[in-house]
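Undergrad: Test case, fold it:
(4 chains)
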Protein chains: 2
Amino acid sequence: MIKHYKPEGYRARTSIGYLIKRSHSLMSECLEVAFSQKDFTFMQWVVLMTVRDGLAVTATDICRDYRHDQGALTRVIDQLETRGLLERQRSTEDRRVVQLALTEQGSKTVESLIPVVVERLNTALDGFTVEEVGELTRLLGKLVSRVELEMQK
Amino acid sequence: MIKHYKPEGYRARTSIGYLIKRSHSLMSECLEVAFSQKDFTFMQWVVLMTVRDGLAVTATDICRDYRHDQGALTRVIDQLETRGLLERQRSTEDRRVVQLALTEQGSKTVESLIPVVVERLNTALDGFTVEEVGELTRLLGKLVSRVELEMQK
DNA sequence: CATTAATGTTTGCTTAAGCAACTATTGCTG
DNA sequence: CAGCAATAGTTGCTTAAGCAAACATTAATG
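TA: Now for the predicted structure:
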């Protein structure tokens, strides 16, 4: 195993951990500002988008993905259901499971929010070449799958 | 400006935003687990490390960097001060400013936590070449500075 | 130079996330 | 197949983050 970092000489500024924390907080606030104008939170967006893309069908899937608290997510889903954007449907195969699905209005909402997000992302990535974005995407994907594996242990 | 993303055909899985959120939540929980055993939170670590590396001298610096709430940070600093790891010193030049400095014990604490962090990072980056880590570091740095610029507006 | 604006910090209140306990249901094991 | 472990989800409680107002101090402006 390559020792990318060593305790002696370790500096925050050049650490992947530091950079991910900063890019996350910067970007999520950037989006949070945009969403708050439309009365949405970042987490609500995450849930809607994740369901839309079929990356998750249940609350537990989402929680695993984002390491989010189950109890907290139940309440986020409550909000979205109350607002008529998301539907809960008890699974017939496994009656413990509640399957999530966007309502028509929920779909429309996601679609209306996407341009906002896309615009912000493009602005953030202004100055990046297509190759750089591709490489960043690949490397982050690799990191995610690595850490995911590690966390399962 | 290159349109890296377009509203039509936008998918979460391949989005930088999605990937950063996931890598952040995965990595911060990974570290949170390690820290909790030593009775530290991730944010406490961030503050100590940021001060150690001279990336910030005041609470406001830290808040700007991480987009963290000032009120919340005041209380984190309270904790660290109570535990004798950090000292507040009212600036003589600008009496609004409170300068932060690690105590001797604070320094020791940071140094003792670094190996834990380094070990986790190396594990997360297992499978990465040196070049890949270098490139990921560069690209994240570029992203951070871009978004930072954008947020100042 | 007096007034206003801006900055750094702190404090009280509100909201959301984290934790633990509980129910319901399913899978596993002797 | 009985009993125990595991899983999905919900709910109450605790802790931390976000927000807004306050105070002290400095910078800017007319």
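Undergrad: Which secondary structure element is home to A:His24?
TA: Element membership of A:His24 [criterion: DSSP states H and E] is helix A:16-36.
Undergrad: Pull out the buried positions in that helix.
TA: Within helix A:16-36, the residues that count as buried by 16 or more other C-beta atoms under 10 Å in any protein chain shown are A:16-31, A:34-35. Just so you know, the C-beta spots here come from the backbone N, C-alpha and C atoms, and that holds for glycine as well.
Undergrad: Stretch A:6-19 now?
TA: For stretch A:6-19, the neighbour count (16+ other C-beta under 10 Å) marks A:10, A:12, A:14-19 as buried.
Undergrad: again, but for stretch A:137-150
TA: Buried residues in stretch A:137-150 (16+ other C-beta under 10 Å): A:137, A:139-144, A:146-148.
Undergrad: cool, and stretch A:116-124?
TA: If you call a residue buried by 16+ other C-beta under 10 Å, then stretch A:116-124 has these buried ones: A:116-118, A:120-122, A:124.
Undergrad: And the furthest pair within those?
TA: A:Val116 and A:Ala124 (12.8 Å; C-beta to C-beta).
Undergrad: which residues of chain A fall in strands?
TA: A:86-90, A:98-102 (DSSP state E).
Undergrad: contact partners of the last one?
TA: Defining contact as C-beta atoms under 8 Å, 6 or more residues apart in numbering or on different chains, one finds that strand A:98-102 is touched by A:47-48, A:51-52, A:56-59, A:77, A:85-91, A:110.
Undergrad: Could you tell me which ranges of chain A sit under the pLDDT cut-off?
TA: Residues of chain A meeting the criterion pLDDT under 70: A:153.
Undergrad: contacting residues around A:Arg90?
TA: A:97-99.
Undergrad: Ignoring the adjacent residues along the chain, who's closest to A:Glu48?
TA: Wrong residue type there; residue A:48 is Leu, not Glu. Of all residues not flanking A:Leu48 in the chain, A:Val110 sits nearest, at 4.9 Å (C-beta to C-beta, 6 or more residues apart in numbering or on different chains).
Undergrad: Do I have it right that the one you found meets A:Arg52?
TA: Yes - contact criterion C-beta atoms under 8 Å: A:Val110 and A:Arg52 qualify, at 5.0 Å.
Undergrad: elements contacting the longest helix belonging to chain A?
TA: Identified as the longest helix of chain A according to DSSP state H is helix A:130-152. Judged by 3 or more C-beta pairs under 8 Å, 6 or more residues apart in numbering or on different chains; DSSP states H and E, the packing partners of helix A:130-152 are helix B:16-36, helix B:104-124, helix B:130-152.
Undergrad: between the second one and strand B:98-102, how big is the angle?
TA: Compare the direction of helix B:104-124 with that of strand B:98-102 by axes from the mean of the first three to the mean of the last three C-alpha atoms, to 10 degrees and you get 70 degrees.
Undergrad: Residue of chain A nearest DNA strand D, please.
TA: At 2.7 Å from DNA strand D, A:Gly71 is the closest residue in chain A, using C-beta to the nearest atom of the strand.
Undergrad: Around that residue, how many other residues sit close by?
TA: Neighbour count for A:Gly71, taken as other C-beta atoms under 10 Å in any protein chain shown: 8.
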